[in-house]
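Engineer: What follows is a predicted protein model with its sequence.
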Amino acid sequence: MQIYTAEEVRLAFLARGLTIADWAKQNGFKTDLVYSVLRGRVRGARGEAHRIAVALGLKDPSVSDGLIKRITQESTEEKEAPMAEE
């Protein structure tokens, strides 16, 4: 998947004659949150902001999904490991 910068995304909207607000509405996102993600005020680490960043092409979903799986797996392994006796 190609990852784009916020500036590249803005230029793509301009080239297509599509407003960010229209795109947000068409995709069911809050307009102000889309603007915040594009301006870098919100990193898009979790929740709707993350989904916006992925939908805009600012983040690669496979990277974050892979990291989430690894963290979840490590957490599960820690819970299953017997505690060391003192």
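Structural biologist: That came through fine. Note that the structure is predicted; figures quoted are calculated from it, not measured.
Engineer: and Thr31, how many neighbours?
Structural biologist: Using other C-beta atoms under 10 Å, Thr31 has 14 neighbouring residues. Backbone N, C-alpha and C define where each C-beta goes, glycine included.
Engineer: contacting residues for the closest residue to Arg10 other than its chain neighbours?
Structural biologist: Excluding its sequence neighbours, the residue lying closest to Arg10 (C-beta to C-beta, 6 or more residues apart in numbering) is Leu38, at 6.6 Å. Contacts of Leu38 were listed using C-beta atoms under 8 Å, 6 or more residues apart in numbering, and they are Ala6, Val9, Arg10, Ile20, Leu56.
Engineer: could you say which helix or strand contains the residue nearest to the spatial centre of the chain?
Structural biologist: The residue lying closest to the centre of the chain (C-alpha atoms, centre = their mean) is His50, at 2.8 Å. Assigned by DSSP states H and E, His50 belongs to helix 47-56.
Engineer: Please apply the same query to Gly44.
Structural biologist: Applying DSSP H and E, one finds Gly44 in no helix or strand.
Engineer: what's the spacing between it and Val9?
Structural biologist: Computed with C-beta to C-beta, to the nearest Å, the distance linking Gly44 and Val9 is 12 Å.
Engineer: Now render the contacts of Leu38 as TSV, adding distance to Asn27, secondary structure and pLDDT.
Structural biologist: Formatted as TSV, those follow (distance: C-beta to C-beta, whole Å; DSSP: H, G, I helix; E, B strand; the rest coil; pLDDT from 0 to 100):
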residue	distance to Asn27	secondary structure	pLDDT
Ala6	17	helix	95
Val9	13	helix	96
Arg10	16	helix	96
Ile20	11	helix	96
Leu56	9	helix	95
